[in-house]
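*Asks:* pasted the sequence and its predicted model underneath.
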Amino acid sequence: MPQIIPIRDLKDTAAISEKCRLSDTPIFITKNGYGDMVIMSMKRYEESLAKLDVYAKLADAEQQVSQGLSKEATASLKSLRAKYHV
């Protein structure tokens, strides 16, 4: 379940920092009852960025396969061995 806190609670920065560090999910900040910001720990942020990078690479790979730009593994290995004389 997401954590939702009002913006006035951001005054206690040490407590907010601890909440972010201990939470596996982002913390949603509201202002006047409406969503305003999202905060999270650096570790969680970096994990999210890494996940997005993997998803982007997978999407590119799927697009290449659908366009016929891929090779069979055996053919690819054979051309690499020939290129590098292995």
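*Replies:* Received it, and whenever you're ready, just let me know what you need.
*Asks:* surely Met40 touches Ile27?
*Replies:* Yes - Met40 lies in contact with Ile27 (Cβ atoms under 8 Å); the separation is 6.8 Å. The way it works is simple: take the backbone N, C-alpha and C, and place the C-beta from them, glycine included.
*Asks:* quick check: neighbours shared by these two?
*Replies:* Between them, Met40 and Ile27 share these contacting residues under Cβ atoms under 8 Å, 6 or more residues apart in numbering: Cys20.
*Asks:* would you map the helices across this protein?
*Replies:* 13-22, 42-66, 73-84 (DSSP state H).
*Asks:* adding mean neighbour count, mean pLDDT and distance to Ile4, write those out as JSON lines.
*Replies:* Formatted as JSON lines, these follow (neighbours: other Cβ atoms under 10 Å; pLDDT from 0 to 100; distance: least, Cβ to Cβ, whole Å):
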{"stretch": "helix 13-22", "mean neighbour count": "12", "mean pLDDT": "93", "distance to Ile4": "12"}
{"stretch": "helix 42-66", "mean neighbour count": "11", "mean pLDDT": "96", "distance to Ile4": "17"}
{"stretch": "helix 73-84", "mean neighbour count": "10", "mean pLDDT": "93", "distance to Ile4": "48"}
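*Asks:* between these, which gets nearest to Asp36?
*Replies:* Set against Asp36 and scored by Cβ to Cβ, these come closest in helix 13-22, at 14.1 Å.
*Asks:* what sits up against the closest one?
*Replies:* Residues contacting helix 13-22 (Cβ under 8 Å, 6+ apart): Gln3, Ile5, Asp9, Leu10, Ile27, Ile39, Met40, Ser41, Lys43, Arg44.
*Asks:* thank you, goodbye.
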